[in-house]
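Chemist: Output the structure for:
(2 chains)
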Number of protein chains: 2
Amino acid sequence: MNIKESIRQIAENAQAASRVLSRKAATVKNDALLQMADELIKNENFLLTENKKDMAQAQKSGISGALLDRLTMKKSTIETMARGLREVAALPDPVGKITAVWRRPNGLQVGKMRIPLGVIGIIYESRPNVTADAAALCLKSGNAVILRGGSEAINSNLAIAGILQNVLRKNSLPEAAIQLIPVTSREAVSALLQLDEYVDVIIPRGGEELIRAVVAQSKIPVIKHYKGVCHIFVDEFADSDMAVSICLNAKTQRPGVCNAMETLLVHEKIATAFLPLIAAELIKAGVVLKGCAKTREVLTDIAAATEEDWFAEYLDLVLAIRVVKNMDAAIAHIEKYGSLHTESIITRDYANAQRFLNEVNSSTVVVNASTRFSDGFELGLGAEIGISTTKLHAFGPMGLEELTTTKFIIYGNGQVRE
Amino acid sequence: MNIKESIRQIAENAQAASRVLSRKAATVKNDALLQMADELIKNENFLLTENKKDMAQAQKSGISGALLDRLTMKKSTIETMARGLREVAALPDPVGKITAVWRRPNGLQVGKMRIPLGVIGIIYESRPNVTADAAALCLKSGNAVILRGGSEAINSNLAIAGILQNVLRKNSLPEAAIQLIPVTSREAVSALLQLDEYVDVIIPRGGEELIRAVVAQSKIPVIKHYKGVCHIFVDEFADSDMAVSICLNAKTQRPGVCNAMETLLVHEKIATAFLPLIAAELIKAGVVLKGCAKTREVLTDIAAATEEDWFAEYLDLVLAIRVVKNMDAAIAHIEKYGSLHTESIITRDYANAQRFLNEVNSSTVVVNASTRFSDGFELGLGAEIGISTTKLHAFGPMGLEELTTTKFIIYGNGQVRE
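Modeler: Take a look at the predicted model:
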């Protein structure tokens, strides 16, 4: 069987499994998730051995330190995976939830009921824990999942997926509800992306390059975000202490993630007073600053920001700073250079806070708090399968509910259309 | 300027207009919609003259009777368009609606607020009234729209769009909020479908061929339905009179539409009694019947249904009939041959009704009523921009709300992430 045909078979089996899974009660799915957590712990030695094979191969092929770090599994990695599975088991099941019912003049009762999306394809890199995390969220939401991890983690991923599948089998759940594509060639991904007859959505998780490659090829809808260029706008009416604390947190608490601040916008009326305060703290934390001409009139020692800096997702201890004339200018900057991810305003002014919330149409808009709260767990969704910065289906952090859709249900008693 | 560049300019202008429009109050949008209705009526002679140009061209090029019929505008067509605009003005504005707010343990108030999708591209055929209908729904939901009608209706469409744009200008609304692509070549559509930087969603309205061509080319998410192969399952516990009335309505009340019944499934325990009753009524209404072997044991005069018949969307007075062993067989048939559009069960049995509603995951699932109710107006959405049979973003009939998404809004008072 060639690769194309074997991927088609995987997708067809996933669709059949998804139909069975969509009807399973929450208790059945939860039992399986808890057993999966136990089995991961029990098979710790096996998992670490398989991971060592990946590590050895990665070192031989000269993979960089950061990637190697993300590939490494330790005892604690396995415990974290198991805890994740147990947390997903504890979340409410979105499937079957009736979100609204109304009555039509002709007596029809019309409602909307949550149902799984069907088959979800996840394409990801490096970190083997995604295999367990994504499988758990898809299983809980009643979806079959096709996992396609990076070639560098193939042994770890196969080991994890094998353990999860064993539990499915023991619980009379369809094994094809969780499948890992064992072929690591690009041809396998290309083949998968054509199968819109079987696969309902593709979620790519990784760098912008990976995501663009997936979008370019896919006939299946893709939920994605390319990057997070998050802004904080310090309004003229900001509380300075709060602004310093929030900006420092948003930039330095974890600089390598998509909801970290990348550009700071400062109202010109507060710039002379505020910029030295925040600069001192940021520089102490090791942040490299780049500024517009007006910023550099105050912070004379920092480098000039170029046009590319306004578009940049540094994912590092680097920050671009721009002084803006007013809120219109701040919003215009965000519209031109932003990525629709997360923006925050720091202000004590009621009207400005409300205006920012209403007029900035990024996926998460914040008043007086750090951009770092743009995260499924932090927002109270219970879990996160990813973040979407495209407006279709889901916009912003995605939890279990975003892995479902709604169907219309109609209760009639003989109605026909006039 | 070449075609590609002029389409890019249209899309860029639409995006700029969408940002202005997203902040406009409902009253401003409603005033414009009401004036548009008035202006269409005032310009009746102009519209009929322009439509006659299209009709003359169509007759010259030998367009078929049905298409010619859909292209024709009469005084009543214009009045219907105007009434449609007024109805949209009367609907509630979904933009700015806060669908939920909750409090996090750290005091953050997190909510979800409805916002427009942004720029919507509509690709459609023949009927010029779509120009006004689609423009109205997009305007009301705060979206800029790029309309691309068929070449056969270009003069009618340009006339309608011109009138709508005049009203936008007079009301200080951005003219680029409603744009009609004046170029009728395929190159223009291909160029539009690449502009994912500016356009948020494409909604194709037309035959399956048109929709498949759009999906094959588009880098922009597409909301669509290919076809409606709707089923009615007459359960063993059906009320026979109700089943006859509903089946007759679903097949014959308007056979050329996507929510008409195409296949009738009958429980074998009721087949001998029920089939002659429904066949008599359907044949009287001019319906041609095709049946499986078991159906033909009862209805000996009808033709045999082939495998293709189970997949067929006849859009005509033709019906395929299959006798099934039980509900499992009925659901299996729907899963294999259905199009995820609309399915109905006729039964007096409580458990069977509930099981059908829960287990059939088509976009609309009905108990004891006609499939013809699967329609935005009939379900109480107020209007309909289209129907989706893909599960992403919207599933089933789409009203104004489905032309929006939600952003997260967060009210903080200084929170930073630990």
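
Chemist: Of all the residues in stretch A:353-361, which ones are buried?
Modeler: Residues of stretch A:353-361 classed as buried: A:Ala353, A:Arg355, A:Phe356, A:Leu357, A:Asn358, A:Glu359, A:Val360, A:Asn361 (neighbour count, 16 or more other CB atoms under 10 Å in any protein chain shown). The C-beta positions use only the backbone N, C-alpha and C, and glycine is treated the same way.

Chemist: can you check stretch A:65-82 too?
Modeler: Neighbour-count burial for stretch A:65-82, counted by 16+ other CB under 10 Å, picks out A:Leu68, A:Arg70, A:Leu71, A:Thr72, A:Met73, A:Thr77, A:Ile78, A:Met81, A:Ala82.

Chemist: residues contacting the fourth one?
Modeler: When you say that, I think you mean A:Thr72. A:Asn51, A:Met55 (CB atoms under 8 Å, 6 or more residues apart in numbering or on different chains).

Chemist: out of the buried residues of stretch A:353-361, who's near chain B?
Modeler: When contact is defined as CB under 8 Å from any CB of the partner chain, the buried residues of stretch A:353-361 meet chain B at A:Leu357, A:Asn358, A:Glu359, A:Asn361.

Chemist: need those residues in CSV with pLDDT and distance to A:Asp309, can you?
Modeler: Formatted as CSV, those follow (pLDDT from 0 to 100; distance: CB to CB, whole Å):
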residue, pLDDT, distance to A:Asp309
A:Leu357, 96, 27
A:Asn358, 95, 28
A:Glu359, 95, 24
A:Asn361, 93, 23
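
Chemist: so what are the domain limits for chain A?
Modeler: Using automatic domain parsing, the domain ranges for chain A come out as A:3-224+A:397-409, A:230-378.

Chemist: Skip ahead from whichever strand or helix holds A:Asn352 and say which helix or strand is next.
Modeler: Element membership for A:Asn352 (DSSP states H and E) is helix A:350-359. Using DSSP H and E, the helix or strand that follows helix A:350-359 towards the C-terminus is strand A:364-369.

Chemist: which neighbours does that following strand have in its sheet, and in what orientation?
Modeler: When pairing is defined by DSSP bridges, strand A:364-369 lines up against strand A:342-346 (parallel), strand B:404-415 (parallel).

Chemist: Would you mark the buried spots in the longest one?
Modeler: When you say that, I think you mean strand B:404-415. B:Thr404, B:Thr405, B:Thr406, B:Lys407, B:Phe408, B:Ile409, B:Ile410, B:Tyr411, B:Gly412, B:Gln415.

Chemist: Now for the third one: which residues touch it?
Modeler: By CB under 8 Å, 6+ apart, the residues touching B:Thr406 are A:Phe395, A:Gly396, B:Thr99, B:Lys112, B:Met113, B:Arg114, B:Ile115.

Chemist: is it true that the fourth one lies in a strand?
Modeler: Yes - the secondary structure assignment for B:Lys112 places it in a strand, going by DSSP: H, G, I helix; E, B strand; the rest coil.

Chemist: Which residues does it form beta bridges with?
Modeler: With DSSP bridges as the rule, B:Lys112 is bridged to B:Ala100, B:Phe408.

Chemist: I'd assumed B:Lys97 was in contact with it.
Modeler: No - the pair B:Lys112 / B:Lys97 is not scored as a contact, 9.2 Å apart, by CB atoms under 8 Å.

Chemist: ok, A:Phe141 - contacts?
Modeler: Check again: residue A:141 is Ser, not Phe. By CB under 8 Å, 6+ apart, the residues touching A:Ser141 are A:Asp93, A:Pro94, A:Val95, A:Pro116, A:Leu117, A:Leu400, A:Leu403, A:Thr404.

Chemist: and what of A:Ala161?
Modeler: Counted by CB under 8 Å, 6+ apart, A:Ala161 has contacts A:Thr131, A:Ala135, A:Leu147, A:Ile178, A:Gln179, A:Leu180.

Chemist: got a winner among the residues you listed for most neighbours?
Modeler: A:Ile178 (30 neighbours; other CB atoms under 10 Å in any protein chain shown).

Chemist: Quick check: that residue vs A:Arg83, distance?
Modeler: 19 Å (CB to CB, to the nearest Å).

Chemist: The nearest residue to A:Arg372 once chain neighbours are set aside and B:Gly376, how far apart?
Modeler: Leaving out its chain neighbours, the residue that sits closest to A:Arg372 by CB to CB, 6 or more residues apart in numbering or on different chains is B:Arg417, at 3.9 Å. In this view, B:Arg417 and B:Gly376 are 42 Å apart by CB to CB.

Chemist: Dump the longest helix belonging to chain A to PDB, keeping only the CA atoms.
Modeler: Determined from DSSP state H, the single longest helix within chain A is helix A:3-21. Extracted in PDB, the C-alpha atoms of helix A:3-21 (Å, rounded to 0.1, in the frame of the first residue of the first chain):
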ATOM      1  CA  ILE A   3       1.600   6.300   1.500                       C
ATOM      2  CA  LYS A   4      -1.400   8.100  -0.100                       C
ATOM      3  CA  GLU A   5      -3.600   5.100   0.200                       C
ATOM      4  CA  SER A   6      -2.500   4.300   3.800                       C
ATOM      5  CA  ILE A   7      -3.200   7.900   4.900                       C
ATOM      6  CA  ARG A   8      -6.600   7.600   3.200                       C
ATOM      7  CA  GLN A   9      -7.300   4.400   5.200                       C
ATOM      8  CA  ILE A  10      -6.300   6.200   8.400                       C
ATOM      9  CA  ALA A  11      -8.700   9.000   7.700                       C
ATOM     10  CA  GLU A  12     -11.500   6.700   6.700                       C
ATOM     11  CA  ASN A  13     -11.100   4.700   9.900                       C
ATOM     12  CA  ALA A  14     -11.000   8.000  11.900                       C
ATOM     13  CA  GLN A  15     -14.300   9.000  10.400                       C
ATOM     14  CA  ALA A  16     -15.900   5.700  11.300                       C
ATOM     15  CA  ALA A  17     -14.500   5.900  14.800                       C
ATOM     16  CA  SER A  18     -15.700   9.500  15.200                       C
ATOM     17  CA  ARG A  19     -19.300   8.400  14.600                       C
ATOM     18  CA  VAL A  20     -19.100   5.800  17.300                       C
ATOM     19  CA  LEU A  21     -17.300   8.100  19.700                       C
END
